[in-house]
Each structure stands twice: as C-alpha cells, then as structure tokens.
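Undergrad: No sequence on hand, only this structure:
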C-alpha cells in the first residue's frame, strides 16, 4: 500500500509555461496574418453572342439578372468573386443555342460566386437553373426558371412562363404571358397580369397565392383551393370557359381576383 509520502503533486516548470504561452501567441499572430490576406477579389468579364435563338444557364452560385436588349446579340456581363479559388465558367455556342455553366471548386475557402447580367434580344427563349435569385425584365421570349433557394421576380414579360423553386417566393408583375405555371415548395406566389391569360397554374405547399387578372368580366374556369387558409375567388367563374386558372396552397391564403 502506498503511503501519503509516496503521493507527490506534479511540478510545473515556470519556464515551460512561458514557452508554451509564447508559442500560442505566435501561432495566433500567424493565423491573424493569414486571415488578413483573405480579401475578396472580383473580376469582370463581357461576352457577346450574335444570332442567338436560345440561352441556357446553369449557375451554381450567384444571382442572375435578365433584361431586354434592343440589339441583335446576347450580351453577357459576369462578375466573379472569390477569396482563394474562383468559380469556373464554361460557355458553348452551337446552332444558335448559347449554354453557360458556372460551378465553384469542390474544395474552397471563403466566398465563391458569379453574378450574371444578361441582355436578351426579342424572341430569344431562356432557361435558367440557379441556386440564388433570378430577375427578368422586359423579355419577349419563353422563360423557364428552375430555382433552389432564392426568389424569382419577373416584370413586363411575354411568352410562356414556367417557374419552379424549392425555397423562395415568386413575384410576377405586369405579365403579358398567356400561359403561366408557377410552383414552389416554400414561398408566396404573386402574379399580376396586364392581359387576360389563357392558362394559369400556381401551386405552393407553404405560402399564400395571389392571382390578379385585369378584366373582371372575362370568363375563367377557376379551380382554387387551400388546405389551411382563406379562399377568395372574385372573378367571373364559368365551368365552360376557355380560359382557366388553377391555384393550390396547402398552407396559406388563396386569392383570385
């Protein structure tokens, strides 16, 4: 059996303590020095594509802004932001179709994104896959958007609209499209029309839906419901009408007016 005399408290060397403290301070200083150099860098690029009939975008990280162009070429402005490794962008052009794909490196430190601002001539169809926000103004061709975690806004657009988002609201203003489909898993849908649409299909699992048509006297076949929310239909609802509006919400108010 050990006696109390055999149990000794550990002794700490003061010099070792000071050395360890100095090492920690120096390590922290080195880390601060490295982090201070992690400054966000940005690069701008511009591309022009004449004789384009269709644009296909696949953007992993970055906002997409589409606007109307009075010229005959698709004008692409891209701003890339990064700290360590920048995103890669691949563009191909074949038989009038412009394809742009942006992707950040799998192994990266700090922010990585490319924001696109693209001017679209009349009659050019556009399809977009994006993780962030997408806005479109004044387009005169068909527009398809597959969004993930950002909002979708479109204003003064013509042509067929097909919009899907996983988590983000959909806001459409002054729409002259005759065929509109808008679906989201989580987010509100708001669509205000400048002309009487032929077909509207809007559905969300979590959020309100508001469809506003310009002519209260126009006949529509309205199929609207909300599992948990207020339902208001203030249009001329006729089962035999050629124009149709279908609206669904599992959790949110539904208004057709």
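TA: That came through, no problem. Everything quoted here is computed from the prediction, not taken from an experiment. Residues are numbered from 1 along each chain as shown.
Undergrad: got the buried residues for stretch 216-226?
TA: 219-220, 222, 224, 226 (16 or more other C-beta atoms under 10 Å). C-beta: built from backbone N, CA, C; applies to glycine.
Undergrad: same thing with stretch 136-148?
TA: Buried residues in stretch 136-148, counted by 16+ other C-beta under 10 Å: 136-147.
Undergrad: Give me the contact list for that stretch.
TA: For stretch 136-148, contacts defined as C-beta atoms under 8 Å, 6 or more residues apart in numbering pick out 66-68, 120, 122-132, 134, 152-168.
Undergrad: Check stretch 179-186 too.
TA: Counting by C-beta under 8 Å, 6+ apart, the neighbours of stretch 179-186 from elsewhere in the structure are 160-170, 172, 189, 191, 197-207.
Undergrad: Strands of the stretch 151-257 of the chain, residue ranges please.
TA: Listed in chain order, the strands of the stretch 151-257 of the chain (DSSP state E, counting those that start in this stretch) span 152-155, 161-167, 170-175, 179-186, 189-193, 199-204, 209-212, 219-226, 231-233, 236-237, 244-249, 254-256.
Undergrad: Tell me the buried residues in the fifth one?
TA: It stands for strand 189-193. Counting neighbours by 16+ other C-beta under 10 Å, one finds that the buried residues in strand 189-193 are 189-191, 193.
Undergrad: strand partners of it, parallel vs antiparallel please.
TA: strand 170-175 (parallel), strand 209-212 (parallel) (DSSP bridges).
Undergrad: give me every residue that touches residue 170.
TA: Residue 170 makes contact with 151-153, 163, 182, 184, 187-191 under the criterion C-beta under 8 Å, 6+ apart.
Undergrad: before we move on, back to that, filter the contacts of stretch 179-186 down to the buried ones, PyMOL style.
TA: This is how PyMOL selects the buried members of those, with burial counted by 16+ other C-beta under 10 Å:
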select buried, resi 160+161+162+163+164+165+168+169+170+172+189+191+197+199+200+201+202+203+204+207
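Undergrad: Count the neighbours of the closest residue in space to residue 231 that isn't next to it in sequence for me.
TA: Across the structure, with C-beta to C-beta, 6 or more residues apart in numbering as the measure, the residue nearest residue 231 apart from its sequence neighbours is residue 254 (5.1 Å). Residue crowding around residue 254 was assessed by other C-beta atoms under 10 Å; the count is 23.
Undergrad: Kindly state the beta-bridge partners for residue 254.
TA: With DSSP bridges as the criterion, the beta-bridge partners of residue 254 are residue 209, residue 231.
Undergrad: tell me the helices in this structure, going along the chain?
TA: Taking DSSP state H as the criterion, the chain contains helices spanning 14-36.
Undergrad: and the gap between residue 244 and residue 152?
TA: 22 Å (C-beta to C-beta, to the nearest Å).
Undergrad: One more: residue 140?
TA: For residue 140, the distance to residue 152 equals 18 Å [C-beta to C-beta].
Undergrad: ditto for residue 221
TA: Between residue 221 and residue 152 the distance, using C-beta to C-beta, works out to 26 Å.
Undergrad: go on, residue 253?
TA: Taking C-beta to C-beta as the criterion, residue 253 is separated from residue 152 by 20 Å.
Undergrad: Between these two, which has more neighbouring residues?
TA: For residue 253 and residue 152, the more surrounded residue by other C-beta under 10 Å is residue 152, and the numbers stand at 28 against 16.
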